[in-house]
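S.K.: here is a sequence with its predicted model. Questions after.
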Amino acid sequence: MTDSPFPLEPTAAAAQAAIADEFGFFGDWSERYQYLIDLGHKLPEFPDKWKTEEHRLHGCQSLVWIVAEGDAEHLSFRSISDSVIVSGLIYLALRVYSGRSAREILATAPDYISAIGLSKHLSPTRSNGLAALLAFIRARAQAAIGG
């Protein structure tokens, strides 16, 4: 996973602040959804050989695949969805959590979700999918530190 662009910011907190700032530029949710779609197109290549049941994230209405690698000091994630909006949600989560230590991941609540208004503007199925993605990331971090 050496071609991953993440992390973009030095800390998860800085990533969340940058996300909030970026979404603050948009006046309405149609513009924010378009930005989410644009972000989804920036996800790194996800090899077809990884699109297997083993890497499928369940709990999402859309098809989502995710692969984790690393250890407690540095966990990286690669993920993709067949939905462009869900791919944007993945991009945001990876921006906050990928390339971080397990302890930083576990210590960082996904505050960006409420900060940019996602919690009010996602359908229940997309909210469930995002929760499943975040739970996967946290579970891998917990496993990496031996919990």
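M.R.: Thanks, I have it. Numbering: from 1, shown residues only.

S.K.: helix or strand: which one has the closest residue to residue 115 other than its chain neighbours?
M.R.: Once flanking residues are discounted, residue 115 sits nearest to residue 20: 4.3 Å by C-beta to C-beta, 6 or more residues apart in numbering. C-beta here means a position set from N, CA and C on the backbone, and glycine is covered the same way. Element membership for residue 20, per DSSP states H and E: helix 12-24.

S.K.: I'd like the next helix or strand past that helix.
M.R.: Following helix 12-24 in sequence, per DSSP H and E, is helix 29-40.

S.K.: can you list the buried residues in that following helix?
M.R.: 32, 35, 36, 39, 40 (16 or more other C-beta atoms under 10 Å).

S.K.: also stretch 82-92?
M.R.: Residues of stretch 82-92 classed as buried by neighbour count (16+ other C-beta under 10 Å): 83, 84, 85, 86, 87, 88, 89, 90, 91, 92.

S.K.: what's near enough to touch the fourth one?
M.R.: The contact partners of residue 86, by C-beta atoms under 8 Å, 6 or more residues apart in numbering, come to 40, 60, 62, 64, 126, 129.

S.K.: rerun at 7 Å
M.R.: Neighbouring residues of residue 86 by C-beta atoms under 7 Å, 6 or more residues apart in numbering: 60, 62, 64, 126, 129.

S.K.: all set, thanks.
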